[in-house]
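> 3D model of this:
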Amino acid sequence: MRIKLDQLSQSLQKQTAPLYTLFGNESLLILEAADLIRTHAQQHGYTERELFAVDQHFDWSDLLNAGNNLSLFGDRKIMDIRIPSGKPGKEGGKAIENYCSALPPDTLTLFTLPRIDKQGQATKWFKTLEATGVLVQVYTIERNQLPDWIGQRLGRQQQKTDSATLQFLANQVEGNLLAGHQEIQKLALLYPSGSLTFEQVKDAVLNVARYDAFQLSDAMINADATRFIRILTGLQGEGTAPLLILATLTEQIRQLITIRQGLDTGQSLTQLLQTARIWGDRQKSAQTAVNRVSLKALMQSLSDAAEIDRMIKGVARGDVWDELLQLGLRLIIHENRNFVSVAK
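Below is the predicted model of the structure:
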């Protein structure tokens, strides 16, 4: 059974399942969910715990043997199995299937995995985990969700602040949820319960944001110039390779060109988005972008990207970081008043 993270607490209160699987790429939320499950289990008599960290040298027979070994004192047990790679391999997949087919008695089993892509979720071992127990997918906190998330965390410690300060906090901790959580906890140590002013928050919170090239691409496609500049500056400060940034932006431009050309020839937007491998909330952003930016501007951006590539390789002269900035901003502020949308 698959549930959302915010349903986990209620699910535990209703019934303790023999097996739980957590997967996702938000380490803080995964850790908190695992702690919630372990605490609940301990409160219900699961006093023993065995931890298994799976790597390339892991012996899967150890897991099966541990499951078959009953406690000398008859205590309930937690089997805590962590697979950081998310890829147990052929032997591990078979071992997981065998383990799930005969779960040990008086045992709560907890599997912890990273983000699993669609191909991984289609494997037999993963489907077995989903069918055998409770599967919890931990989704990434997106940028537009971050202020609300921070507000909820402040509320847990009887503090609150205005929307502008929440936006400031979101900018400071974006991409680094664990550090953001620590900064929020710091506010509880520094200030009493109640309302926090912007000055109090600004003085207390460090800039712990971490960015990646995909966030930069999102800012470009969403025409958010302020965020694009902030992320690009952050990536430069972190020493991110310009070639990686250029490749990500160029891939986004190519996707938009494919969609724009397809729409111009009467193809289905839904099919074009799938062909371009654009999923979820990014589909709406991509549709807005192709309705805002002309094919001519997109093709020119591709040509500009090729020139930046020459600069990175030392063949052409120029300031690479300034050109990356201009590449994004030209698409962000582009308006083609003669361009008629066909993406309905």
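> how about the helices of the stretch 1-150 of the chain, start to end?
8-14, 27-43, 60-68, 89-101, 118-121, 124-132, 146-156 (DSSP state H, counting those that start in this stretch).
> show me what counts as buried in the first one.
Residues of helix 8-14 classed as buried by neighbour count (16 or more other CB atoms under 10 Å): Leu8, Ser11, Leu12. (Each C-beta comes from the backbone N, C-alpha and C, glycine too.)
> need the residues you listed in CSV (columns: pLDDT and distance to Lys296).
Shown next, in CSV, are the buried residues of helix 8-14 (pLDDT from 0 to 100; distance: CB to CB, whole Å):
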residue, pLDDT, distance to Lys296
Leu8, 96, 50
Ser11, 95, 53
Leu12, 95, 56
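> which one of these is nearest Ala316?
Here the nearest of the buried residues of helix 8-14 to Ala316, counting by CB to CB, is Leu8; it sits at 53.5 Å.
> hang on, that closest one packs against Val138?
No. Counting by CB atoms under 8 Å, Leu8 stays clear of Val138, with 9.6 Å between them.
> anything in contact with each of those two?
Ala33 (CB atoms under 8 Å, 6 or more residues apart in numbering).
> buried ones in stretch 262-270, by neighbour count?
So for stretch 262-270, counting by 16+ other CB under 10 Å, buried means Gly262, Leu263, Leu269.
> quick one: average pLDDT of stretch 293-303?
Stretch 293-303 shows a mean pLDDT of 91.
> which residue is the nearest non-sequential neighbour of Ala95?
Trp60 (3.7 Å; CB to CB, 6 or more residues apart in numbering).
> so where do the strands sit in the chain?
2-4, 19-24, 46-53, 76-82, 107-113, 134-138, 159-160, 194-195 (DSSP state E).
> neighbours around Gly93, how many?
Neighbours of Gly93 under the rule other CB atoms under 10 Å: 17.
> does it really touch Gly120, like I thought?
No. Assessed by CB under 8 Å, Gly93 is found out of contact with Gly120, at 10.4 Å.
> any stretches of this protein with poor pLDDT?
For the chain, the stretches with pLDDT under 70 are 69-74, 334-344.
> tell me the centre residue of it?
Thr140 (3.3 Å; CA atoms, centre = their mean).
> contacting residues for the residue nearest to Thr107 when sequence neighbours are not counted?
In space, Thr107 comes closest to Lys77 once its chain neighbours are excluded; the distance is 4.9 Å by CB to CB, 6+ apart. Lys77 is in contact with Tyr46, Glu48, Arg49, Glu50, Ser71, Pro104, Asp106, Thr107, Leu108, counting by CB under 8 Å, 6+ apart.
> cutoff 7 Å now
Taking CB atoms under 7 Å, 6 or more residues apart in numbering, we find Lys77 in contact with Tyr46, Glu48, Arg49, Glu50, Ser71, Asp106, Thr107.
> how about Glu307?
Taking CB under 7 Å, 6+ apart, one finds Ala316 in contact with Glu307.
> how many other residues sit next to Glu238?
11.
> for it, list the residues it contacts.
Neighbour list for Glu238: empty [criterion: CB under 7 Å, 6+ apart].
> run the last query once more with 8 Å
Arg210, Tyr211 are the contacts of Glu238 under CB under 8 Å, 6+ apart.
> thought Leu235 was touching Ala219, still the case?
No. Between Ala219 and Leu235 there is no contact under CB under 8 Å: 11.2 Å.
> ok, now how distant is Gln10 from Leu36?
Using CB to CB, to the nearest Å, Gln10 is found at 11 Å from Leu36.
> check Tyr99 too.
In terms of CB to CB, Tyr99 sits 23 Å off from Leu36.
> more neighbours: which of the two?
Taking neighbours as other CB under 10 Å, Tyr99 and Leu36 compare with Tyr99 leading, 24 against 16.
> where's the more buried one relative to Val134, distance?
From Tyr99 to Val134 the distance is 16 Å (CB to CB).
> repeat that for Gln300.
For Gln300 relative to Val134 (CB to CB), the value is 51 Å.
> more crowded one of the two?
Val134 (22 against 15).
> quick one: the residue nearest to the centre of the chain and Gly24 touch, right?
Yes. With contact defined as CB under 8 Å, Thr140 counts as touching Gly24 (7.4 Å).
> now the residue nearest to the centre of the chain: phi and psi?
phi -70, psi 140 (degrees, to the nearest 10).
> report the contact partners of it.
Contacts of Thr140 (CB under 8 Å, 6+ apart): Gly24, Asn25, Glu26.
> and the gap between it and Ile81?
23 Å.
> ok so, going back, what's near enough to touch the residue nearest to Ala95?
Pro88, Glu91, Gly92, Ala95.
> closest to Val173 out of those residues?
Nearest member of the contacts of Trp60 to Val173, counting by CB to CB, is Pro88, at 33.1 Å.
> list the contacts of that closest one.
Contacts of Pro88 (CB under 8 Å, 6+ apart): Val54, Trp60, Ala95, Ile96, Trp125.
> do the same with Trp125
Counting by CB under 8 Å, 6+ apart, Trp125 makes contact with Pro88, Gly92, Gly93, Lys94, Ile96, Glu97.
> what does Thr107 give?
Contacts of Thr107 (CB under 8 Å, 6+ apart): Pro18, Tyr46, Gly67, Arg76, Lys77, Ile78, Met79.
> mind listing what's buried in stretch 236-253?
Gln236, Thr240, Pro242, Ile245, Leu246, Thr248, Leu249, Thr250, Glu251, Gln252, Ile253.
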